[in-house]
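1. using only what follows, build the 3D model:
(3 chains)
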Amino acid sequence: MYHWIPFWPDTAAVNAIVVNNLYIAELGVSGLIMVTVVAMMLTFCIRYRKGSATSRADRVQKTWHFEIGWTIATLGAFLVLFVWGAAIYIWLYQAPRGDEEVYVVAKQWMWKIEHPGGQREIDALHVPVNKTIRVVMASEDVIHSFFIPAFRIKRDVVPGTLETIWFKADKTGVFKLECTQFCGLQHATMHGEVDVLSGPDYARWLTGQGVHESLAEQGEAVFRAHGCSGCHGDNSTVHAPSLAGLYGTYVHLQDGSVRLADEAYIRDCILNPRSFTVAGYPPLMPDFTGQLGEDDLLKLVAYIKSLAKQESAQ
Amino acid sequence: MSVTTVERGPAAEPAAAFSAPSYLTEENTVASWLLTRDHKRIALLFFASITFFFFIGGFAATLMRLNLATPGGLLQPAVYNRMFTMHGIIMVWFFLIPSIPTTFGNFFVPLMIGARDLAFPRVNLGSWYVFNLSGLVVLYSLVMGGADTGWTFYTPLSTSYADGYVFAAAMAVFINGFSSIMTSLNFIVTIHRLRAPGMTWMRLPLFVWGIYAVSVVMLTATPVLAMDTFLLAVERFLGVGLFDPNHGGDPLLWQHMFWFYSHPAVYIMILPAMGVVSEIIPCYARRPVFGYAGMTMALMAIAILSFFVWAHHMFVAGISIYSGVAFSLMTFFVAVPSAIKVFNWTVSLHKGSITFDAPMLYALGFVLLFTLGGVTGLMLATLGIDVDVHGTYFVVAHFHYIMVGATVSAFFGALHYWWPKMTGRMYPETWARFAAILTYVGFNLTFFPQFILGYLGMPRRSYTYPPEWQSWNLLSSAGASILAIAYILPLLYLGWSLFRGRKASANPWRATGLEWATRSPPPAHNFERTPVVTLEPYCYDPERDTYVTQEGVPHAG
Amino acid sequence: MPASAPPLRPEIQFATLEQQGDAAQLGMWAFLVNETLFFGALIFTYYIYRIAYPHEFAVAAKDAVLWCGSVNLVILLTSSLTMVLAINAGAQGGRHAMIGWLIATAALGCVFLLIKGYEYYQDFQDKVVPVVNFVAKPGAGSAGELFWVFYWIATGLHAIHLTVGIGLVLYMLLWRIKRGEITPAYYAPLEVVGIYWSFVDAVWLFLYPCIYLVGRS
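-> Have a look, this model is predicted:
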């Protein structure tokens, strides 16, 4: 659809089409402003050059008529662009549950990808076409930025929290995956490939990885190894909130606030439980700062989310 | 406001003013320069310092463009990373921010408001010494190997992971802030308290308004950066985790505080440039500036709104989507007064009698480059687009259009426009016009391809890139070499004109401002008698080719 | 002595002494706008972390020496009073009263610093000096250290400002007043120092609850 425009990047996702339309509108408005300014400037410079015979009489006196005119005109045009852009932003940055999920750990200088089935890859991301993919991202060290130009999506991966983004590729092929936040010496080489595969190809790729344990199952092992199950397990006598069905619900906290239990919330609760004491429960949980790497945290998150899925399935 | 324009008794007039030598020839010992309290000499001292740093920063840029001429690159990654970091730090804090205020602001604000000096001459001189001290620290950092964080010092990269001389670079920025504060404080008090009789606020030349607006922004934004870099230095030096998530810190807090300064800093760079252009265009179009009151209000509106847009640098950084939306809206608001100014400058050519001397060419180039930088700024303010192009060369191109295209054009415009007044010599017009046009060509060749590269997805701060982007990068590097010539050229012919240039009269451009009412170059305390202002600025009449100075003296064509 | 001193003339850029004093005052106010944002930024970071870690901050702040901070608050407030009395005396030509109140002001400032020094010694004993000998208290976690980093930076910067203030008062005493340059006709320099002194006082007014009253309700 956009291939005839010169110097246009690949457009390979539904996200990209939406952004393309806005971009073309912006180019139009910008072009209009530029052409107006250049045309006026050229006309005046030629017409009123020193020595030209044109009359200079009756110069505009009430300048504010014009000023109010172009204030309102630009403000109107800007507000339209603002609303349009903001609508897209809200849509892009509120990741839906998604048909598929992918976990990403960014570190100097690679993208580590973990699929829920337990498949792992580095600097490569295999996804099925025409499926909504929810990407959950963590950073082990500095701030990175997850950018797929052909999908027009980008989000910084800030250490100390989890970020989510989503996309729905509508074209198979290989596209660039980049880091756009300077992250140290080899920042320039921190890139990879996104392989968008057809459904059957993707299924074949998943099974071809020779993995036996899903991410949630690995998470369950971490869950037991760190003693989480002692309090949060089914048979525990400790008065601790149940984790089954937690993901995606709203949690009432001791301090009166209400939080959506998304991936970032679950991660925060593990690392800094005192600030997220659930209403009606004693603040007993020790904090796990420094004891869990980002890999293990993501596994735990995947496991706790899988508990939610079982609940809704029953 | 009339209270502030105190009448001066004749008792305070400098004695024997009529035979007084110019500020340049009055006394010429080393001490008379290094300990001077004359704002004009201090302006020249600053001019020497920032010119030095401009070429250091430019040298780093040359190496970068050389490296990017081939996909593989010529430099070691570590060297490249340090080059773009030092290029950013030096160009932002050691050239662009002080550029127009400390040189032309220092020289011409007292002259334009009819004062004999700034309110606090010792503070002014102190500012230059503090600036040079910070300059020594940044040179130390550079010579020892440079910082490798990018000029934005994002944590935790800068505090825990980078292995360059980040501490020294941060301290240089910290110390540099004191110079900004001293200079801006001086301007605010001077403009409030030292205006000549009759020089009301609505008779101030727009350049003075620009300097006033920028001083307000500098005074209120710089301390936040000072605290921010101080905390960064503490964390880096002592290892306590103020911005480090492993210690419970928040990396985004650094960004919030950094951009709370550094977004207004962009306006610190552009507001004085807007003032310069508002002086040059009426003078060469021989007509009053279109909408003087609107121009002053737009300047102040930009200065105030600039404090409420900082998080537009962080749309993809993990701030809440609601703050993203709010900051996007504010960013569109700040674009409105900028748009007003662009239209007003353009219409200021209507029914004028235009000549195209070098300052005018620079000013017209400024308007065009600023407009292009502005409309691409709108794209970046639009959230949906920013998510795509943030952190790519699109951003690099955008801010170079504003900060280099616009501000440096205005700097050179000001330099040519006021050269006769500062030195008493005329510059060679043909060469100057050639340099102005060359700047325009070289600049667009360098930076326009970067818009395309950015939209294609080339990340900034990369020493290497895929081969399919080489043609655009090569074009950019070629343009950069033209730009380099265009920037070195004035150094040569202006240097020549110092000794061989035609002697300048008091008012070679037939301009209306008070700075032209005194001799070229001005005597030590500026005026032989205190001027009394009776008119608004820019009383040019293109129809009869006459003009009336601000003192109410009419001049025929 | 004042009677024999030549009449003071304004600097070259000013027309009158009144204008010169006016400019000096405006300059100090502008400087304080800048200082407000400097300390404001610090207190802002403090509140960001206090909101993020309310429990940890409450536990950590228990180690702050309450009596030192409180006595110092009273001392600084009193010193602002003596400063104003000095300016008042200066304006009315009461030279001896002015000198006396200024000495009192500087002395109170020094007492503040002495108590602050003793408090630092106590803090060292309590092992709450980050980097040097910090021991996290149970329940305070790593965020407790953030509180103490803030404490040292904030009180340290404040102490530097107060030291500058004492220096300015001494400069007034030993130079400007001695040379007879502060008269009822022109006492702007003294007023400028007074404005600065009150600002340093006000900063402590904001730091005090941030440091000493957290978690003590």
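2. show me the helices in the stretch 201-350 of chain B, by range?
-> Listed in chain order, the helices found in the stretch 201-350 of chain B under DSSP state H, counting those that start in this stretch are B:206-238, B:251-285, B:292-305, B:321-347.
3. A:R59 belongs to a helix?
-> No: applying DSSP: H, G, I helix; E, B strand; the rest coil, one finds A:R59 to be coil, outside a helix.
4. do you know the pLDDT at it?
-> As predicted, A:R59 sits at a pLDDT of 83.
5. show me the shaky parts of the chain.
-> With no chain named, the answer covers chain A. Residue ranges of chain A with pLDDT under 70: A:1, A:308-314.
6. please go with chain C instead
-> Residue ranges of chain C with pLDDT under 70: C:1-6, C:217.
7. so which bits of it are right by chain B?
-> Counting by C-beta under 8 Å from any C-beta of the partner chain, the positions of chain C adjacent to chain B are C:10-16, C:18-19, C:22-23, C:26-27, C:30-31, C:33-35, C:37-42, C:44-45, C:48-49, C:52-53, C:56, C:130-131, C:141-143, C:145-146, C:149, C:153. Bear in mind the C-beta positions are built from the backbone N, C-alpha and C, glycine included.
8. just the buried ones from those, in PyMOL syntax?
-> Selection of buried members from those for PyMOL, criterion 16 or more other C-beta atoms under 10 Å in any protein chain shown:
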select buried, chain C and resi 10+11+13+14+15+16+19+22+23+26+27+30+31+33+34+35+37+38+39+41+42+44+45+48+49+52+53+56+130+141+142+143+145+146+149+153
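9. and chain A, which of the residues of chain C next to chain B contact it?
-> Restricting these to those near chain A by C-beta under 8 Å from any C-beta leaves C:A52, C:Y53, C:E56, C:G141, C:S142.
10. mind listing what the first one touches?
-> By that I understand C:A52. Residues in contact with C:A52 (C-beta atoms under 8 Å, 6 or more residues apart in numbering or on different chains) are A:S275, B:G248, B:D250, C:A143.
11. how many neighbouring residues does the closest residue to B:C283 other than its chain neighbours have?
-> Excluding its sequence neighbours, the residue lying closest to B:C283 (C-beta to C-beta, 6 or more residues apart in numbering or on different chains) is B:A511, at 4.8 Å. Residues near B:A511, counting by other C-beta atoms under 10 Å in any protein chain shown, number 23.
12. again, but for C:R176
-> Around C:R176 there are 16 residues (other C-beta under 10 Å).
13. which helix or which strand is home to whatever residue of chain C ends up closest to chain A?
-> Proximity of chain C to chain A (C-beta to the nearest C-beta) peaks at C:H55, 5.1 Å away. Per DSSP states H and E: C:H55 is located in helix C:54-61.
14. how about that helix as CSV, C-alpha atoms only?
-> Extracted C-alpha coordinates of helix C:54-61, given in CSV (Å, rounded to 0.1, in the frame of the first residue of the first chain):
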residue,chain,number,x,y,z
PRO,C,54,7.1,5.2,53.5
HIS,C,55,7.8,2.4,56.0
GLU,C,56,11.5,2.3,55.3
PHE,C,57,11.9,6.0,55.7
ALA,C,58,9.9,6.0,59.0
VAL,C,59,12.2,3.4,60.4
ALA,C,60,15.4,5.0,59.2
ALA,C,61,14.4,8.5,60.4
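15. name the helices or strands packed onto that helix?
-> In terms of contacts (3 or more C-beta pairs under 8 Å, 6 or more residues apart in numbering or on different chains; DSSP states H and E), helix C:54-61 is packed against helix C:141-171.
16. so for the helix it packs on, what gets flagged as buried?
-> For helix C:141-171, a neighbour-count test (16+ other C-beta under 10 Å) marks C:141-155, C:157-159, C:161-162, C:165-166, C:168-169 as buried.
17. can you tell me which helices and strands it packs against?
-> Helix C:141-171 packs on helix B:206-238, helix C:17-52, helix C:54-61, helix C:95-125, helix C:188-212, going by 3+ C-beta pairs under 8 Å, 6+ apart.
18. could you say which of these is packed most deeply?
-> Of the helices and strands packed on helix C:141-171, the one with the most neighbours on average (mean count of other C-beta atoms under 10 Å in any protein chain shown) is helix B:206-238, at a mean of 25.
19. relative to helix B:321-347, how tilted is that helix?
-> Per axes from the mean of the first three to the mean of the last three C-alpha atoms, to 10 degrees, the angle that helix B:206-238 makes with helix B:321-347 is 150 degrees.
20. do helix B:206-238 and chain A meet?
-> No: between helix B:206-238 and chain A, judged by C-beta under 8 Å from any C-beta, nothing touches; the nearest distance is 13.9 Å.
21. report the mean per-residue pLDDT for that helix.
-> Helix B:206-238 comes out at a mean pLDDT of 94.
22. for it, name the packing helices and strands.
-> helix B:106-113, helix B:166-193, helix B:251-285, helix B:292-305, helix C:17-52, helix C:141-171.
23. now do the third one: distance to the chain's middle.
-> Put plainly, it is helix B:251-285. Relative to the centre of its chain, helix B:251-285 is centred 7 Å away, using C-alpha atoms, centre = their mean, to the nearest Å.
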